[in-house]
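1. build me a model from this:
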Amino acid sequence: MYKWTICDPTNEKVIQKGAISKEDILVTFEAYPWGSELKKFTDNPLETVHYNPSIEFIDTLNKRGITFSAVPEDNGFIFYVFYMRPELVKKWFGFVERLEPKHVTDLLDNSFESSKNLLNMFLEHKFDD
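-> Okay, the predicted model is just below:
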């Protein structure tokens, strides 16, 4: 089971959308109104913009999540992708290790197609490969 949230550029609160099935995630990502949401981001006064348009999916069983944030570029947009997962983090020159439950890795400058590929990897649990 998964849950999802969105960030509307002109709404200061993250919008909790609730549960979503694995089968509906890719369709939801593809159908999301990225263009009109980016228009809110670029056409409104800076002081009324709180976020880039974003969508996040979290696997409620393994607590891993993936976030796509649209960023304007030239005549279109690209995605910044953030992958959240547990990660063993080393500190103090590798002498101390601890499990960080919400470690985030970012992948910048992704096209719509490469973002869909990353989403499929997430859904197939192949993101750590």
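2. elements contacting the lowest-mean-pLDDT helix or strand in the chain?
-> One helix or strand of the chain scores below all others by mean pLDDT, DSSP states H and E: strand 96-110, with a mean of 81. Applying 3 or more Cβ pairs under 8 Å, 6 or more residues apart in numbering; DSSP states H and E, one finds that strand 96-110 makes contact with strand 76-91. C-betas here are computed from N, CA, C, even on glycine.
3. quick check: mean pLDDT of the strand it packs on?
-> Mean per-residue pLDDT for strand 76-91: 85.
4. now it: buried residues?
-> Under the neighbour-count criterion of 16 or more other Cβ atoms under 10 Å, strand 76-91 has F77, I78, F79, Y80, V81, F82, Y83, M84, R85 buried.
5. next: stretch 55-70.
-> For stretch 55-70, by 16+ other Cβ under 10 Å, it's I55, E56, F57, I58, D59, R64, G65, I66, T67, F68, S69, A70.
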